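Student: predicted coordinates and the sequence they were generated for:
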Amino acid sequence: MLVQVALPVPLYRVFDYRLPAATQATPTAEPSALPAIGSRVEVPFGRQTLIGIVVAHIAAADSSVPLNKLKSIYRCLDDEPILNAAMLKLAYWLARYYHYPLGDVFGVILPTLVRQGKPLDLLITHWRILPNITDDDFHPNAKKQKQQFDMLKLHGERGASEDVLLLEGMQRPFLKTLEEKGLIERYIEPKQASTPVKLAKLPLDLNDEQQQAVSTIIAAHKASRYTGFLLNGITGSGKTEVYLQVMQAVLEAGKQVLILVPEIGLTPQTRARFASRFAADIVLLHSGMNNTHRLQGWQDCRTGHAQIIIGTRSAVLYPFADLGLIVVDEAHDGSYKQQDTLRYHAADVALYRGVQYNIPVILGTATPSLEHLKLVDDGKLIECQLSTRPGNAKPAPMQLIDARLQSTHQQTTDDGARYDTGLTDAMIGAIRQTLEAGDQVLVFLNRRGYAPVLLCEACGWQADCPRCDAHLTVHYSRQNSSNAYLKCHHCDWQAYIPAVCPDCGSQNLDAKGIGTTRLSENLHAIFANPQTSKELYPIIQIDRDTTRRKDSWENIYQRINQGDPAILVGTQMVAKGHHFPNVTLVCLPNADRGFLSADFRSPEHTAQLMIQVAGRAGRGDKAGRVLIQTLQPDNALLLKLVKDGYLSFARDLLQERKMMGLPPHTHAALIRCEGKTLAATMQALKDAIAILPSNHNLAVLGPIDAPMSKKNSRYHAQLLLIAKERGQLHQVLNHWWQPVLALPSAKYLKLTLDIDPVGW
Ligand SMILES: Nc1ncnc2c1ncn2[C@@H]1O[C@H](COP(=O)(O)OP(=O)(O)OP(=O)(O)O)[C@@H](O)[C@H]1O
Ligand SMILES: [Zn+2]
């Protein structure tokens, strides 16, 4: 017998190996000596040693390589398969659907330590104090030792894991010293078996629509039947309560629940929402985990130890012992699509896995993507609607402010210069009124930094990134003006702010436009005490710059949840899923600009973002309102959204896409080519078109420069293939994509394929 192994190499094939000589020599060897399908083996590959996954056993006669040319595996790393049949099937499906090499699919699915061949049973070191230690056991001068000992003592008899202790400020050398002195000891904690999940708090009384949704979904769970649900509930309608009550039934049946959340959604509150309802083993999976924790989480899912798994995109690729439900929260969110290597969409993979396990999958959102609405139309998803907010809360009405009729408010600096605040008096008045009523205001601006452009007023020069087709963002603050710099938000290039224009020497350089830092400062100037210029209301800036530190979200939450009047200024980070009950006014000074973009998906994404942000208003007892300041109050899309709401807006867009033959009514694949010159990338794509089968039946758009064709000093061109039927597209790709990668002109270039792309 031979084993077929998937190896982490970018080749669309698997490799045959013989068993180690010792096994081969014993003809009576038990079949178990054969590495099991789904286990890891170490093998020679060229001059390297690689670790791969056994995907099949075949008879020597069935190999395309003669037996004497085949190499033997070095060793098998696992006694039992680490991937079961379902995981292997998932890998094959991903490889086929996304046209990605199987070995590389495993590279994406498996945690780093598993790929490196580490044993799966991670031994996490714990430390505890030894009994009967008194102060006399310490040398009087060993103050630091005593202090470190006392820190560990706080954890009682069972002590704590080393990483927790290090986080708390204990130091490794001291742990060793204390161990050598016989004061503390290390031990490995055996994993406790999970106990059945208990309710920590009683569920809420559901309203009729919630009840209807919960019953329908639980029925699918009880019947062990795959069903995809679109839980289409307006913002604040209590989708979470629906998840929780369905989860209860699934957890009580002893099954695991996977909850996917968008990348930015994983704040400390996310876990709390579930932990406050269920006493259960909850595992968080996110990109910030180190390798050890990732492996630990992977094992906990695989062995069934984890009962509730909350994770971002990649959690959908984890192995599960007994999965009973998948929830994709904010299912429309862009972060569910992976934008490099294996370009999967987590919601699509979630549906596939639902079919695999015969379980319900809930896609929850207030702003369903057109793809998901189309699946409802096609009968592939069942829609459950939540059209009201529980209790007295009402969705906040949206109101337009015509910024052409009233110019934006001017403010004067201490030295008499006037500047534009970017806010109309109407908006400022509404903010003031809200604060004076004791409520909170959220101002949404999807642009961080101080200003998006630095412009020379004399000659029109603009500070551009030398490596990208993009302006450099001005980072600056009036309070700390020495810390000023220019930064590219695409490649992180940084530069000083020039004193004079590098082109004409003029000193007339001006930061144009408004980012969150500048808006916060403008608001500060408008709402500060005019005599002392002291802050009357806290202004809390929430963006990637202010939430970078680990605990910063926690601090921001605490400040907001004190409930005192305050202005929150935030980027799309504040749009998603947050529940700030005291926010009664949401302001969008220029969110509607996205309706002017050339990208055909822009109206959909702009509307989703606007509705999500608007949804932060009036979630508590008091009514909310939403003000949209716009320079194009007659824009048909904007009016449609404000007047008829998201669903009607989205339905119109879907109809329009149908007329134009665009996804989701058609199916697309995007081929991107990256290289040192634009000419080379274009040529490779032209050559690719030349070898398309003559009867392909696809619409071919391009090659053209990619939007932002130069990025990080590399050039990008792209080619789009559109098919009426999904099958047609895959049929062409099956025969065409691998020869494209082998084209002579594609050498030294990076060619990638994106199935169901979300941006082009
Ligand atoms: N049946 C109910 N009775 C009373 N309160 C409820 C009920 N269902 C939900 N709530 C409360 O309503 C509030 C909003 O619910 P939730 O955050 O789940 O909304 P959501 O639909 O997820 O909104 P979003 O899409 O904006 O995140 C929460 O404070 C929740 O506790
Ligand atoms: Zn750049």
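Tutor: Structure's in. What do you need? Numbering: from 1, shown residues only. Ligands and ions are numbered 1, 2, ... in the order given.
Student: next, residue 420: secondary structure please.
Tutor: strand (DSSP: H, G, I helix; E, B strand; the rest coil).
Student: any figure for the gap between the nearest residue to it once chain neighbours are set aside and ligand 2?
Tutor: Closest residue to residue 420 apart from its sequence neighbours, by Cβ to Cβ, 6 or more residues apart in numbering: residue 408 at 5.4 Å. All C-beta spots, glycine's among them, are computed from the backbone N, C-alpha and C. Going from residue 408 to ligand 2 by Cβ to the ion, to the nearest Å gives 30 Å.
Student: smallest gap between the stretch 1-150 of the chain and ligand 2, at which residue?
Tutor: Per Cβ to the ion, residue 108 is where the stretch 1-150 of the chain lies closest to ligand 2, at 26.8 Å.
Student: that residue: what's it in contact with?
Tutor: By Cβ atoms under 8 Å, 6 or more residues apart in numbering, the contact list for residue 108 reads 94, 314, 317, 341, 342.
Student: just the buried ones from those?
Tutor: Buried members of the contacts of residue 108, counted by 16 or more other Cβ atoms under 10 Å: 94, 314, 317, 342.
Student: among those, which pair sits farthest apart?
Tutor: 94 and 314 (12.2 Å; Cβ to Cβ).
Student: spell out which residues of the protein are next to ligand 2.
Tutor: 465, 467, 468, 488, 490, 491, 493 (Cβ under 5 Å from the ion).
Student: one more time with 8 Å
Tutor: With the criterion set to Cβ under 8 Å from the ion, the chain comes near ligand 2 through 465-468, 470, 472, 488-493, 711-712.
Student: those residues in strands, which ones?
Tutor: Under the assignment DSSP state E, the residues of the chain next to ligand 2 contribute residue 711 to strands.
Student: quickly list the domain ranges of this protein.
Tutor: 2-115, 125-188, 198-386, 398-448+516-655, 452-512, 667-755 (automatic domain parsing).
Student: mean neighbour count, these: which tops it?
Tutor: Most buried of these, by mean neighbour count (mean count of other Cβ atoms under 10 Å): domain 198-386, with a mean of 20.
Student: so which of the residues of the chain next to ligand 2 belong to helices?
Tutor: Counting by DSSP state H, the residues of the chain next to ligand 2 place none of their members in helices.
Student: tabulate the residues of the chain next to ligand 2 (TSV), appending pLDDT and distance to residue 228.
Tutor: Output for the residues of the chain next to ligand 2, formatted as TSV (pLDDT from 0 to 100; distance: Cβ to Cβ, whole Å):
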residue	pLDDT	distance to residue 228
465	95	42
466	94	47
467	94	43
468	94	39
470	93	39
472	95	44
488	96	40
489	93	36
490	92	36
491	93	39
492	92	39
493	94	43
711	92	36
712	93	38
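Student: tell me the one among the residues of the chain next to ligand 2 nearest to residue 726.
Tutor: Nearest member of those to residue 726, counting by Cβ to Cβ, is residue 711, at 30.1 Å.
Student: tell me the contacts of the closest one?
Tutor: 467, 468, 469, 470, 490, 491.
Student: now for those residues: which two are most distant?
Tutor: 469 and 491 (10.8 Å).
Student: out of the buried ones among the contacts of residue 108, which one sits closest to ligand 1?
Tutor: residue 314 (22.3 Å; Cβ to the nearest ligand atom).
Student: hmm, the closest one is touching residue 297, no?
Tutor: No - between residue 314 and residue 297 there is no contact under Cβ atoms under 8 Å: 10.6 Å.
Student: give me the common contacts of these two.
Tutor: Joint contacts of residue 314 and residue 297 (Cβ under 8 Å, 6+ apart) are residue 285.
Student: let's have the residues of the chain next to ligand 2 in JSON lines, adding distance to residue 564.
Tutor: Listed next are the residues of the chain next to ligand 2 as JSON lines, based on distance: Cβ to Cβ, whole Å:
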{"residue": "465", "distance to residue 564": "41"}
{"residue": "466", "distance to residue 564": "46"}
{"residue": "467", "distance to residue 564": "44"}
{"residue": "468", "distance to residue 564": "42"}
{"residue": "470", "distance to residue 564": "39"}
{"residue": "472", "distance to residue 564": "37"}
{"residue": "488", "distance to residue 564": "38"}
{"residue": "489", "distance to residue 564": "33"}
{"residue": "490", "distance to residue 564": "38"}
{"residue": "491", "distance to residue 564": "40"}
{"residue": "492", "distance to residue 564": "36"}
{"residue": "493", "distance to residue 564": "40"}
{"residue": "711", "distance to residue 564": "43"}
{"residue": "712", "distance to residue 564": "44"}
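Student: point out where this structure drops to low pLDDT.
Tutor: Low-confidence segments of the chain (pLDDT under 70): 21-32, 122-124, 189-193, 265-268, 550-551, 577.
Student: spatially, what comes nearest to the residue of the stretch 501-650 of the chain found nearest ligand 2 if we skip its sequence neighbours?
Tutor: In the stretch 501-650 of the chain, the residue that lies nearest ligand 2 is residue 544 (16.2 Å; Cβ to the ion). Excluding the flanking residues, the one nearest residue 544 by Cβ to Cβ, 6+ apart is residue 448, at 5.9 Å.
Student: next one: residue 596
Tutor: That would be residue 632: by Cβ to Cβ, 6+ apart, it lies 7.5 Å from residue 596.
Student: need the phi and psi values for that neighbour.
Tutor: Torsion angles at residue 632 (phi, psi; degrees, to the nearest 10) stand at phi -130, psi 60.
Student: and it, how close does it get to residue 592?
Tutor: 7 Å (Cβ to Cβ, to the nearest Å).
Student: please enumerate the strands of the stretch 151-300 of the chain.
Tutor: 160-161, 184-188, 198-199, 227-233, 256-260, 278-279, 282-285 (DSSP state E, counting those that start in this stretch).
Student: show residues contacting the helix or strand where residue 349 lies.
Tutor: Element membership for residue 349, per DSSP states H and E: helix 346-357. Around helix 346-357, the neighbours that count as contacts under Cβ under 8 Å, 6+ apart are 86, 89-90, 93-94, 226-228, 258, 260, 313-314, 316-317, 320, 323-324, 326, 328, 331, 336-338, 360-361, 363, 372, 756.
Student: what's the first helix or strand after that helix?
Tutor: strand 360-365.
Student: from the contact counts, what lies against that next one?
Tutor: helix 208-222, strand 227-233, helix 239-252, strand 323-329, helix 346-357 (3 or more Cβ pairs under 8 Å, 6 or more residues apart in numbering; DSSP states H and E).
Student: adding distance to residue 743, write the ones you listed out as JSON lines.
Tutor: Shown next, in JSON lines, are the helices and strands packed on strand 360-365 (distance: least, Cβ to Cβ, whole Å):
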{"stretch": "helix 208-222", "distance to residue 743": "47"}
{"stretch": "strand 227-233", "distance to residue 743": "39"}
{"stretch": "helix 239-252", "distance to residue 743": "48"}
{"stretch": "strand 323-329", "distance to residue 743": "38"}
{"stretch": "helix 346-357", "distance to residue 743": "29"}
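Student: right, so of those, which gets closest to residue 479?
Tutor: strand 323-329 (37.4 Å).
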